[in-house]
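Novice: what's the 3D shape of this:
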Amino acid sequence: VHLKKSTVTNRGLCETVVPLEDPIITETTSTLQEWGILWKQLYVKHKVDLFHKLRHVMNELIDLRRQLIQGHLAQDQTREIKRHITVRLDWGNEHLGLDLVPRKEFEMVDPDQISVSELYKLGDSMRQRHGDGCRIPVSHHLFINLKSFTYNSISEDADVFFSLYDSREAKQISEKFMVKLNKNGGPKNPEKVDRLCALFTDLSSKDLKRDLYIVAHVIRTGRMLLNDSKKGPPHVQYRRPYGCAVLAMSDVFHTITDLKEEKDFVLKVYTCNNENEWYQVHENIIRKSNTKYSAPSTNYGLIISLQLLRGELEQIRRENQAVFNRALALTRKLGFPDVILPGDTRNDLYLTLERGEFERGGKSVQKNIEVTLYVLYADGDTLKDCISLGTGEPSASEYRSFVLYHNNSPRWSEMVKLPIPIDRFRGSHLRFEFRHCSTKDKGEKKLFGFAFTPLMREDGTTLSDEVHELYVYKCDENATFSNQGLYLSLPCCKEDFNSCPNLPANLPFQRSPKETFWVSTILCSTKLTQNVDLLALLNWKAHPDRVLDILGRLRQISGEEIVKFLRDVLDTLFCLLDDNTDKYGPLVFQSLVFIINLLRDSRFYHFRPVIDSYIQNHFAGALAYKELIRCLKWYMDRSAEVVRQDHIQEAMRALEYLFKFIVQSRILYSRATCGMEEEQFRASIQELFQSIRFVLSLDSRSSENLVFTQAALLNSFPDIFDELLQMFTVQEVAEYVRGTLGSMPSTVDIGQSMDVVKLQSIARTVESRLFFFPESRSILLPVVLHHIHLHLRQQRELLICSGILSSIFSIIKTSSMESSVQEEVEMMVESLLDVLLQTLLSIMSKSHSGEYVSCLLSLLRQMTEIHFHHLLNSFHSKEELKEFLLKIFCVFRNLMKLTIFPRDWSVMRLLTSHVIVVTTQFLSPALHKNFSEGDFDFKVWNSFFSLTVLYINQPSLQLEALPPAKRKKTLDKHGDLRVIMAYELFSMWQKLGGSTVAHFINNNLSEVFVVHCKCIMIYF
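Specialist: Predicted structure coming up:
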């Protein structure tokens, strides 16, 4: 026997003992006990497939429950275990035909602690099995593991380069993953056995829809010609192209059906028939140009395993620690991913050796050209470890290209990465040395020329992302590069030559006019920019006369460049505002609006915390609020005049962050001046809200542009409440909001699209922090209920209205202990109860009736005896009361006749029955008081008795037919609800006079007989 700590709930006749442990553990225990009985019955009924599946799931639940009880898990692990448990519990309940269990954060919810509307919403979302779409894109990552390279014809060391290639755009989209293999096909480094793996990161959903291929280039290291030992001495090693393999990602996705599933693939390695076309061998293989490559004699090749992972990289790292412990090489995309994270610091220059044109130089045959690359700093020193051929291997200080045999017009198309430190970028340059590799006895490599290019231009921008045509200068083995100033003063390309018209005649190196070398570059840096306009903005003090022009061109700068320098750009804008508000104010405002809206883009959404941090910790524009308010008001006031309103709509979309800047600026000014100009600030805000109301009050039916302006304003409006609460009291903010919501035209005066936007704005107002304060709710609730009432009367936008009501009921239920709630419920009863009943009578059989049923039940459940007393006394005549009773009894009967809630939703069905019986108890005295004796109304009494008959006969209340566990649970929670209704029925029956009973029996003998029989069954 094991004693557990416990607590007693629902004290009294039907009290329940609940263990003091994690509710998930308690639920798992009771569910396993219930399943155990049903599991054996599956075997008896020959449902063998479900029998085995359920046994497997039960064993998993027992193991997961054990892990939770031990309590040795981290928070993330505990959460993941709970998720696995609830998925299995819900699966089992569904397949065994048991009840749906409403959950919140993996735990069962207590129906008494939340509103009926919220309970309905939880159950409905579980049933649909999908949540709201995430507005932020999800990153994908491809795990690749090279298991072996089986070949029998190279017998030389080899380097294998894996990359992702887009065949439609004919370009490589990722870095290269490099694997060094020995002549036997194993890893050259013995420590890397079973560790030849990489993760291609940050692939977007858009990337996965491209025509992607995994491309593997094999470069051997050895003799010049594989089958001719005479070509070059054995001690001289050349990097030489060997073969290429491709794998279509479409085949991978077709094979890998589940995330995290790892599958093996074999990549055939094809050899290129003509080295001159090596640069496009992968394209030829993809296009199946069979004449340009040769297939291997056997099916040997690269054996790799692939796995597709999804989510943030840190999450992937936590969930797949075994993978990351295998010396995993993180291989990134070229360029920034779709989701750019603020802390992602990169400074990578990707350099591709494209091609060259060289002279024969008096030789009878063409040259074997090798290119050597160095990265040199301003002082002439070679930068160490700044050249990477691919991830998976350490960086080097020099790079040697592969050699194409007898080719004076080589095309390499070989990419290397230059991870140059940011502090060494300015002043550094690249030097390319060209050597002819002789295949004679000595195997000499003779220097015959060089080319160079600085990494940064004089204006501070880096090399642009394009192909660069570089000059080739003649030299020989005796040439010395110790004094790099000798060649750095020379033009490196045609653009350089045009900017240096007066070159001296006796140059240290002579350019070879018939020789040219082409390279291309791609910069991926969070610290450097290639944009001249951005640099001009950041260094505006150097050219103050060009500021207006520079600000005007800000929109042309790419978003990637702006977010990289977000803080610097914002500092510059507010510095300009302080320098000359009148001159720069409007353009600074436009630029700020542009940047704020840029962060609404899903690619840069992660930078919103960066701008939040900037506003709180770095922003210093204490006077900025005056100009921002002035510009914002000016934009709004012009909305009735101008035809094109794009700029006004952009300002409306940026409203949230404009108010953040306004409020923080005012706080800084107030702090610096001890609260000076407070009245002027309040007056300016008051005037700004007058302009907001003016925009919303305009008749937009004849102007589509004005509709978009009003919609943008309404969408952004709820986002400013939290900022206003920093400067004003809750009541003041609520008054501002009430005035704004009240200024909107009525439903009949606006189009449907605008009507939807208006309701969405009201919905977000109700969900905002402002609405949670009782002081503000008392101000805002009347105007919200007014709009809802109008829509329900006209049967318009019912789905959005039900969502608003659901949010209100959830807040009121959470705050039910507060005294103000009673007044709010009173307000809702007066405004909504009648129109809710009317709406339900109209839509009861439609798909979204469940939302309104839950809203009605929420309201009735929240009503106390005082509310019912006020309600029944509010009718001016018995005819009005009769109409109300007939409506509510009719709605209750429909709830029991129609299948509003599915059969497995017992919690909702029992709660509905409970609310009905309690409401009936409150209404029956009014029925007896107003419609008995001389005022007897057969129609109302008949409606009442029909309701009781239907209620008592509900299948969900027939406890005798329920399984023992469910029967006990129902009795513990509600008791036998049939008994309560039967008592109410007998009580009302006895209150009828003799003549009235006789009149009733003559008209409804069969129903009375049914009622009596049923009640006798319940009692005896």
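
Novice: Can you give me the buried ones in the helix or strand Leu871 falls within?
Specialist: Using DSSP states H and E, the element containing Leu871 is helix 865-873. By neighbour count with 16 or more other CB atoms under 10 Å, helix 865-873 contains the buried residues 867-868, 871-872. In short, each C-beta sits where N, CA and C put it, glycine included.

Novice: quick check: mean pLDDT across that helix?
Specialist: The average pLDDT for helix 865-873 rounds to 92.

Novice: Could you export it as CSV, keeping only the C-alpha atoms?
Specialist: Taking Å, rounded to 0.1, in the frame of the first residue of the first chain, the C-alpha atoms of helix 865-873 are listed here in CSV:
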residue,chain,number,x,y,z
GLU,A,865,-30.7,35.0,-8.7
ILE,A,866,-30.5,38.8,-8.7
HIS,A,867,-30.0,38.9,-12.4
PHE,A,868,-33.0,36.6,-13.1
HIS,A,869,-35.1,38.7,-10.7
HIS,A,870,-34.1,42.0,-12.6
LEU,A,871,-34.7,40.3,-15.9
LEU,A,872,-38.2,39.0,-15.1
ASN,A,873,-39.2,42.4,-13.6
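
Novice: what's the distance between the helix or strand following that helix and the middle of its chain?
Specialist: Next in sequence after helix 865-873, counting helices and strands by DSSP H and E, comes helix 878-897. Offset of helix 878-897 from its chain centre (CA atoms, centre = their mean, to the nearest Å): 46 Å.

Novice: and what of stretch 385-395?
Specialist: With CA atoms, centre = their mean, you get 34 Å for stretch 385-395.

Novice: nearest residue to Ile629 other than its sequence neighbours?
Specialist: Distances taken as CB to CB, 6 or more residues apart in numbering put Ser684 closest to Ile629, at 5.0 Å, once the chain neighbours are dropped.

Novice: Could I get the contacting residues of the one you found?
Specialist: 626, 629, 633 (CB atoms under 8 Å, 6 or more residues apart in numbering).

Novice: Now neighbour count and secondary structure too, for those residues, in a markdown table please.
Specialist: Converted to a markdown table, the contacts of Ser684 look like this (neighbours: other CB atoms under 10 Å; DSSP: H, G, I helix; E, B strand; the rest coil):
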| residue | neighbour count | secondary structure |
| --- | --- | --- |
| Lys626 | 20 | helix |
| Ile629 | 21 | helix |
| Lys633 | 18 | helix |
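
Novice: which of the residues you listed lies closest to Arg546?
Specialist: Nearest to Arg546, judged by CB to CB, of these is Lys626 at 26.1 Å.

Novice: Report the strands that pair with the longest strand anywhere in the chain, each with its relative direction.
Specialist: Secondary structure of the chain read by DSSP state E shows that its longest strand is strand 511-525. Its sheet considered, strand 511-525 pairs with strand 347-357 (antiparallel), strand 467-474 (antiparallel) by DSSP bridges.

Novice: if I look at Val101, how far off is Ile316?
Specialist: 31 Å (CB to CB, to the nearest Å).

Novice: helix, strand or coil for Ile980?
Specialist: Here Ile980 is helix, with the state taken from DSSP: H, G, I helix; E, B strand; the rest coil.

Novice: what about Glu641, how many neighbours?
Specialist: By other CB atoms under 10 Å, 7 other residues sit near Glu641.

Novice: how far away is it from Leu714?
Specialist: 20 Å.

Novice: Low-confidence regions, the stretch 651-800 of the chain specifically.
Specialist: 746-751 (pLDDT under 70).

Novice: out of the contacts of Ser684, who's nearest Ile800?
Specialist: Using CB to CB, the contacts of Ser684 come closest to Ile800 at Lys633, 30.5 Å.

Novice: what's the pLDDT at that closest one?
Specialist: 94.
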